[in-house]
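K.L.:
Return a 3D structure for these sequence lines:
(2 chains)
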Amino acid sequence: MLNILLVDDDNEFSEVVCHIVEFLGHNINTAANLAEAEQWFVNNHFDHVFLDFMLPDGSGLHLVEHLKSIGQTPKITLISGHPSVKGKLAEMCEPNVGHLVKPLQREDIERVLNPKKAAAKKKTTPSIKKHFGTLIGESPQMQQLYTMIERVANTSANVMLMGESGAGKEVVAQAIHNASACSGPLVATNCGALSKELIGSELFGHEKGAFTGAIARKDGVFEQATGGTLFLDEVTEMPIDMQPNLLRVLETKKVTRVGGSKESAVDCRVISATNRSLEDLAQNNIIREDIYFRLAVFPIDIPPLRERKEDISLLASAFLEQLNDENNTDFQWQASQLKLLESYDWPGNVRELRHAIHRAFIMSDPKGKAITLPDNLESPFSRVNKQTQVNQVSAGQTIEEVEKELIHATLDKVQGNKTLAAQMLGISTKTLYNRLNAYGGIGEYS
Amino acid sequence: MSNNEPLNKLVHDARAPLNRISMNAELIKLVLENDMPKDKALAALDKIISNCQQCSDSLQKIADSDATA
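P.N.:
Here you go, the predicted structure:
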């Protein structure tokens, strides 16, 4: 607790500052002019003086001089309406004299009264903004996503999240749940991870004795999420013969437990997620059309990380900040490292980025401040993906082009051994030579 | 700082109510954050309203002084 003197001729201002400073746990007295202030110092000691620059009987600087002459050294904060006073203060070179510009804020007062605490507090609050408490990124794509989340959160519409693996579907589901301010919980379940036998009981619950091992009654996820949000991850991996049951719940808003006869009402928003493309869903009979329309009242596409490269450095900084916090370290990124991260196209999206940073964090010298990034950021998965991508054929290519590509890829694989390559291709060595002659590529492999 | 003394005085007079408004708003935040009796917040709100009027009057004086200058 500090003893504080406030010297200001504005009584109404003094009164409200007194309320605030007392609330912060300090003692405070007031003086309306220099004479009153000097009087206070006759019999009292103060730790801190808030001093108005312009007082009716002179400048606040006179009090600073006066205190020096009587040997009192409280901390002094001059309050003025004009930033130029700061220059004058710098000329004075008084280490215990600080300065605040009107209008004041509570944080200003807290900061000057307790500089250490305020600084420490600042460090623990993350500097990177998390939208809806979860999402990081300021790119136009993400801004668009935030708008969609905000709009849909105010409704009770079912949402289907579409995006590549690692793009952050579960995080977006959490963001929608947070933004909707609903009273119930967010319940997440992975439809791809459940066996065909268990999926019914997981989703809809079961009654005691419904099947072998059902030793007690169990609420399904629809009931657990009452008043909240149900997140069905990898919903397209659900066996197609289970889908009519799900459709029934979505349509009737009622659920019947396995082995039960009573229906109970369902009251939750369903957010589902898939990493398959819309074309894939439509062409390959993965999800029934009627279920799709029930789940994807409001479909949201989550952009892959390579389409919002400007967010990579923000994400990298946030992940490193979190690791620093957890491990009590103080690693920092260098600008060139962030550039390197931005230049890679992250096929595994944010998850891959996070993984790469965690790995680099572990590899780095704990005594230093510099993070050591590996020479090659590619994960084994991205390498495989790349290879299959190279070999992919697409409409518009001629048979000749594809054949040429296949022959070259095969020859590369066997280091130019034509006999072996011909065997693998299922043609005679002579035909292979003829083809290579025709394409004009024989020189490369002779 | 500008050397126009009368104008400086007028600006100082306009800034004073802003300073009170800011502090009263901070007080209301404290009251709300800590579930304190709401009459304190209501009194602070009344002060904010009257200071807004005062600030507006001061700004009008500045405008008038500019017109006469």
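
K.L.:
Thought B:Arg15 was touching B:Ile62, still the case?
P.N.:
No: with contact defined as CB atoms under 8 Å, B:Ile62 and B:Arg15 do not form a contacting pair (11.1 Å). Using the backbone N, CA and C atoms, a C-beta is placed for each residue, glycine as well.

K.L.:
In terms of neighbours, single out the busier of those two.
P.N.:
Using other CB atoms under 10 Å in any protein chain shown, the more surrounded residue of B:Ile62 and B:Arg15 is B:Arg15, with 18 against 15.

K.L.:
ok, that one - contacts?
P.N.:
A:81, A:102-103 (CB atoms under 8 Å, 6 or more residues apart in numbering or on different chains).

K.L.:
got those residues as CSV, with distance to A:Ser156, neighbour count and secondary structure columns?
P.N.:
Formatted as CSV, the contacts of B:Arg15 follow (distance: CB to CB, whole Å; neighbours: other CB atoms under 10 Å in any protein chain shown; DSSP: H, G, I helix; E, B strand; the rest coil):
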residue, distance to A:Ser156, neighbour count, secondary structure
A:Gly81, 51, 19, coil
A:Lys102, 48, 21, coil
A:Pro103, 43, 20, coil
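
K.L.:
hmm, the lengthiest helix in chain B touching chain A?
P.N.:
In chain B, taking DSSP state H as the definition, the longest helix is helix B:38-68. Yes: if you take CB under 8 Å from any CB of the partner chain as the test, helix B:38-68 does meet chain A, through B:40, B:44, B:47, B:51.

K.L.:
Narrow these to just the buried residues.
P.N.:
B:44, B:47, B:51 (16 or more other CB atoms under 10 Å in any protein chain shown).

K.L.:
Roughly how far does the residue of the stretch 301-446 of chain A found nearest chain B sit from A:Ser127?
P.N.:
Here the stretch 301-446 of chain A gets closest to chain B at one residue, A:Asp325, 25.3 Å apart by CB to the nearest CB. For A:Asp325, the distance to A:Ser127 equals 12 Å [CB to CB, to the nearest Å].

K.L.:
More neighbours: which of the two?
P.N.:
Neighbours of A:Asp325 and A:Ser127, each counted by other CB under 10 Å, are more numerous for A:Asp325; the result is 12 against 9.

K.L.:
ok so the more buried one is a strand residue?
P.N.:
No: read with DSSP: H, G, I helix; E, B strand; the rest coil, A:Asp325 is helix and lies in no strand.

K.L.:
Would you mark the buried spots in the helix or strand hosting A:Leu145?
P.N.:
Using DSSP states H and E, A:Leu145 sits in helix A:140-153. Using 16+ other CB under 10 Å as the test for burial, helix A:140-153 gives A:141-142, A:145-146, A:148-149, A:152-153.

K.L.:
Name the next helix or strand following that helix along the chain.
P.N.:
As assigned by DSSP H and E, the chain's next helix or strand after helix A:140-153 is strand A:159-162.

K.L.:
ok, residues contacting that next one?
P.N.:
Among residues not part of strand A:159-162, those counted as contacts by CB under 8 Å, 6+ apart are A:152, A:169, A:172-173, A:176, A:235, A:269-278, A:292, A:295-302.

K.L.:
Buried ones from these, can you make that a ChimeraX selection?
P.N.:
In ChimeraX, a selection of the buried entries from the contacts of strand A:159-162 looks like this (16+ other CB under 10 Å):
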select /A:152,169,172,173,176,235,269,270,271,272,273,274,275,276,292,295,296,298,299,300,301,302
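
K.L.:
Just the ones in strands from the contacts of strand A:159-162, please.
P.N.:
Counting by DSSP state E, the contacts of strand A:159-162 place A:269-274, A:298-301 in strands.

K.L.:
Check the residues you listed against A:Asp345 and report the nearest one.
P.N.:
Nearest to A:Asp345 among the ones in strands among the contacts of strand A:159-162: A:Asp301, at 18.1 Å, using CB to CB.

K.L.:
Got the confidence number for A:Pro96?
P.N.:
That one is not Pro; residue A:96 is Asn. Here the pLDDT value assigned to A:Asn96 is 77.

K.L.:
What residues does the nearest residue to it once chain neighbours are set aside make contact with?
P.N.:
Among residues not flanking A:Asn96 along the chain, A:Lys75 sits closest, at 5.1 Å (CB to CB, 6 or more residues apart in numbering or on different chains). Applying CB under 8 Å, 6+ apart to A:Lys75 gives the contacts A:47-49, A:96-98, A:112.

K.L.:
Can you tell me which of those residues are buried?
P.N.:
A:48-49, A:97-98, A:112.

K.L.:
and of these, the nearest to chain B?
P.N.:
A:Val112 (14.4 Å).

K.L.:
So the helix or strand where that closest one lies, near chain B or not?
P.N.:
Per DSSP H and E, A:Val112 falls inside helix A:106-113. Yes: residues of helix A:106-113 contacting chain B under CB under 8 Å from any CB: A:Arg106.

K.L.:
and chain A, what are its domains?
P.N.:
Following automatic domain parsing, chain A resolves into domains at A:3-124, A:142-301, A:308-382, A:393-445.

K.L.:
what's the closest of those domains to B:Val11?
P.N.:
Closest to B:Val11 of the domains of chain A, according to CB to CB: domain A:3-124, at 7.4 Å.

K.L.:
Which pLDDT value belongs to the residue nearest in space to the middle of chain B?
P.N.:
Among the residues of chain B, the one closest to the centroid is B:Pro17, at 2.0 Å (CA atoms, centre = their mean). On the pLDDT scale, B:Pro17 is placed at 91.

K.L.:
Can you name the residues that contact it?
P.N.:
The contact partners of B:Pro17, by CB under 8 Å, 6+ apart, come to B:51-52, B:54-55, B:58.

K.L.:
repeat that for 10 Å
P.N.:
Residues near B:Pro17 by CB atoms under 10 Å, 6 or more residues apart in numbering or on different chains: A:10, A:12-13, A:103, B:47-48, B:50-59.

K.L.:
before we move on, back to that, can you put the contacts of A:Lys75 in TSV and add secondary structure?
P.N.:
Shown next, in TSV, are the contacts of A:Lys75 (three-state DSSP):
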residue	secondary structure
A:Asp47	coil
A:His48	strand
A:Val49	strand
A:Asn96	coil
A:Val97	strand
A:Gly98	strand
A:Val112	helix
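
K.L.:
Can you name the two of those that sit furthest apart?
P.N.:
Going by CB to CB, the pair spanning the contacts of A:Lys75 furthest: A:Asp47 and A:Val97, at 14.2 Å.

K.L.:
Who are the contact partners of B:Ala14?
P.N.:
With CB under 10 Å, 6+ apart, B:Ala14 has these contacts: A:81, B:54-62.

K.L.:
for A:Ser180, same thing?
P.N.:
Contacts for A:Ser180 (CB under 10 Å, 6+ apart) come out as A:132, A:149-150, A:152-156, A:186, A:228-229, A:269.

K.L.:
Based on its surroundings, how many neighbours for A:Gln415?
P.N.:
Residues contacting A:Gln415 under the criterion other CB under 10 Å number 9.

K.L.:
my read is it is in a strand, agree?
P.N.:
No: the assignment for A:Gln415 is coil, going by three-state DSSP, so no strand is present there.

K.L.:
Next, it: phi, psi?
P.N.:
Dihedral angles phi and psi of A:Gln415 (degrees, to the nearest 10) take the values phi 50, psi 40.

K.L.:
Reformat the buried ones among the residues of helix B:38-68 next to chain A as TSV; add pLDDT.
P.N.:
As requested, these are exported to TSV (pLDDT from 0 to 100):
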residue	pLDDT
B:Ala44	92
B:Lys47	93
B:Asn51	94
